[in-house]
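> the amino acid sequence is not available; the structure is as follows:
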């Protein structure tokens, strides 16, 4: 089936440094998302992105976070500067249509970010 | 606002046991409801969805009924296998956000 690819699978970074998580969404999808998962359970919505713009973001999407998808390339989540509490698994997702409908959202395998 | 609640954080069963995972929802509309499953080292993937209230969704032996009366969308399976061990999420879309319940970790022992 359709696949969302995330690079890298693991990232260890020093606190205060910048990190960029990369996502290659399903090719014809138009909506993109980032979620944060801690301790292997709760999936927390961070942000969604459509037509080059952030549509909605949660309280977890701090000012240090940013997303972009320049010229249809990778959809990226950048954290600058990183903090210890940013350690988590970050999942990228994409969908053909917005979730207000019946559309399925496809998730990548996640990037495990460890801030030390 | 719209939300989904899963009260069971963990469920441990033996093979061939009956599975019941609780999910209740709160919404002012009648959106499609979803169950996603997350296997170790993977992202969540769609297990089943039900688009219409009072209908049932069935997939891979799992079933869930969208019950408007009790605002529930419980997941059931008659006979679980060790390969069903995973985290199960009930999910509800709101505009362009898919909200997940807190997840239920199912462990099936041989």
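Done, it's in. Computed from a prediction, not measured in an experiment: that's the story for all the values here.
> and the residue of chain A closest to chain B?
residue A:107 (3.1 Å; C-beta to the nearest C-beta). Yep, even glycine has a C-beta here, placed from its N, CA and C like the rest.
> residues in a beta bridge with that residue, which ones?
Beta-bridge partners recorded for residue A:107 (DSSP bridges): residue A:93.
> quick check: it touching residue B:44?
Yes: the criterion here is C-beta atoms under 8 Å, and residue A:107 meets it with residue B:44 at 5.1 Å.
> who has more neighbours, these two?
When residue A:107 and residue B:44 are compared for neighbours, residue B:44 comes out ahead with 28 against 23, by other C-beta atoms under 10 Å in any protein chain shown.
> spatially nearest residue to that one, not counting backbone neighbours?
Counting by C-beta to C-beta, 6 or more residues apart in numbering or on different chains, the nearest residue to residue B:44 once its immediate chain neighbours are dropped is residue B:36, at 4.0 Å.
> what does the strand or helix carrying that neighbour contact?
Assessed by DSSP states H and E, residue B:36 sits inside strand B:33-38. With C-beta atoms under 8 Å, 6 or more residues apart in numbering or on different chains as the test, strand B:33-38 has contacts from B:23, B:25, B:44-50, B:57, B:62, B:64, B:66, B:73, B:75, B:86-93, B:98, B:100, B:103.
> which strand runs longest in chain B?
Secondary structure of chain B per DSSP state E: the longest strand is strand B:86-94.
> I'd say residue B:51 and residue B:30 touch.
No: here residue B:51 does not reach residue B:30: they are 9.2 Å apart, not a contact under C-beta under 8 Å.
> pLDDT weak spots in chain A?
A:100-101 (pLDDT under 70).
> where does the most centrally placed residue in chain A fall, secondary structure wise?
Centroid check for chain A by C-alpha atoms, centre = their mean gives residue A:34 as the closest residue, at 2.9 Å. Here residue A:34, judged by DSSP H and E, is contained in strand A:31-37.
> list the buried residues of that strand.
A:31, A:32, A:33, A:34, A:35, A:36, A:37 (16 or more other C-beta atoms under 10 Å in any protein chain shown).
> and those near chain B, which?
A:31, A:33, A:35 (C-beta under 8 Å from any C-beta of the partner chain).
> tell me which residues touch the residue lying closest to residue A:98 once chain neighbours are set aside, please.
Distances taken as C-beta to C-beta, 6+ apart place residue B:96 nearest to residue A:98, at 4.3 Å, with adjacent residues excluded. Residues near residue B:96 by C-beta under 8 Å, 6+ apart: A:31, A:48, A:50, A:55, A:56, A:98, A:99, A:100.
> return the distance of residue B:96 relative to residue B:89.
Distance check for residue B:96 against residue B:89: by C-beta to C-beta, to the nearest Å, it reads 18 Å.
> for the closest residue to residue A:87 other than its chain neighbours, list the residues it contacts.
Leaving out its chain neighbours, the residue that sits closest to residue A:87 by C-beta to C-beta, 6+ apart is residue A:115, at 4.8 Å. Applying C-beta under 8 Å, 6+ apart to residue A:115 gives the contacts A:13, A:14, A:15, A:82, A:83, A:84, A:85, A:86, A:87.
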